[in-house]
Every structure is written in structure tokens, then in C-alpha cells.
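[1] Provided below for reference: sequence and predicted model.
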Amino acid sequence: MKINRLLLKPNTPTIVEEEIIFPEAIDANHVKRIPSCKVKATLTDFDDVLLADLEINAEVIASCAYTLEDVPLTKKLKERLSFTSDEEMSDEDLYFEPNNEIDLDPYIFSFIIASVPHNVHKKGAKLPEPGNGYRVISEEEYLKEQQTKKHSSPFDALDDLDLG
């Protein structure tokens, strides 16, 4: 969604609606893809500052943390962005965009990705059961085992040498 500030009426809200298409492969371990994303942007240009109130409705395919199967999620987000073309005014809440055309896609993409939890579990999915040659343990159990294990090193043999 590209916004051209020159086409906006000053101090008057303008509504723009658009469907955004994101790349197919995003991150196989977190968000696999975003098959659908509809955005309604209410834009108000106050000369030095452009306010963009976004309503984002996205269908997201995430990975199940247990089985790596697809898990469909619906994300409905409301976000506000503020832009300025004056570099001296920019700060953490006011983004600097030097050109009159502003691409909102990277901002929208980051809002969607940030809203998806890293541990998504498909309904009814369970951790795999221990089997022949492997076992399933929690991260806490693993860390506890690592602390109690004595790490052997080739240099441990030097402790037994008598150089006296």
C-alpha cells in the first residue's frame, strides 16, 4: 500500500482500502505465509505530520510448535503510524520518510509478524512420545542435566600426570 502525500487533502481524513499480497515463503518456523491481508487506512495529513490509522485483517499460516503442521490464524489489528518529512522532528514515535510516497507494506508486515506468537499449538497436538533411541524432555530438564554433567576434555588426562 503506497500513499502519495501530494494526493491527500490537508487536515481532511482520507480512507484507503487495499488487499496486500506478501511473499509466499516467509519463515518456516514461525509464520509460513500470509494468504490474505486487507487493510483499511485512515490518512490525515497535517502538513508536517501524516497520521495513518490502520485496521488490518490478515489470515496467517503459522507452524505448530509440536508437529510443524500448518495452523491457520486470523489477526485483526489496529495500529497508528505517524510520519514526517522533517528529519529533525523524527523520533521513536514519528517515522522519517523523506519522499512524498510512503510504502506502508513493511510496517504492516512487521505488525502482523509481531502479533503471531512463537509457540503456536494446533488443537489436539501433543509432544511426541519417547521412542527407540531418543527421548523427549522439557527445556528445564535438559538444562538441569547439562549442569549436572561433568564435561570431559582431552586435557583432563593431564591432571593425572606426575611431573614432580
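    Arrived safely, thanks for sending.
[2] What are the boundaries of the helices in this protein?
    Counting by DSSP state H, the chain has these helices, from start to end: 105-115, 139-148.
[3] right, and these - which one's nearest residue 124?
    Among the helices of the chain, the nearest to residue 124 by Cβ to Cβ is helix 139-148 (22.4 Å). Every C-beta, even on glycine, is put in place using the N, C-alpha and C of the backbone.
[4] Now do that closest one: distance to the chain's middle.
    29 Å (Cα atoms, centre = their mean, to the nearest Å).
[5] Residues contacting it, please?
    residue 137 (Cβ atoms under 8 Å, 6 or more residues apart in numbering).
[6] How many neighbouring residues does residue 130 have?
    Neighbour count for residue 130, taken as other Cβ atoms under 10 Å: 10.
[7] Equivalent analysis for residue 7, please.
    12.
[8] Give me whichever of the helices of the chain is most buried.
    helix 105-115 (a mean of 16; mean count of other Cβ atoms under 10 Å).
[9] helices or strands next to it in the packing?
    strand 31-46, strand 49-63, strand 70-84 (3 or more Cβ pairs under 8 Å, 6 or more residues apart in numbering; DSSP states H and E).
[10] tell me what the first one is packed against?
    Where contact means 3+ Cβ pairs under 8 Å, 6+ apart, strand 31-46 is packed against strand 14-19, strand 49-63, helix 105-115.
[11] Describe which strands the shortest one pairs with in its sheet and in which direction.
    Each strand that strand 14-19 pairs with, and the sense of that pairing, follows from DSSP bridges: strand 31-46 (antiparallel).
[12] middle-most residue in the protein, spatially?
    Closest residue to the average C-alpha location of the chain: residue 113 at 2.7 Å, with Cα atoms, centre = their mean.
[13] Contact partners for that residue?
    26, 30-31.
[14] Output the helices and strands packed on strand 31-46 in CSV; the columns should cover mean pLDDT and distance to residue 99.
    Below are the helices and strands packed on strand 31-46 laid out as CSV (pLDDT from 0 to 100; distance: least, Cβ to Cβ, whole Å):
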stretch, mean pLDDT, distance to residue 99
strand 14-19, 94, 17
strand 49-63, 94, 12
helix 105-115, 92, 14
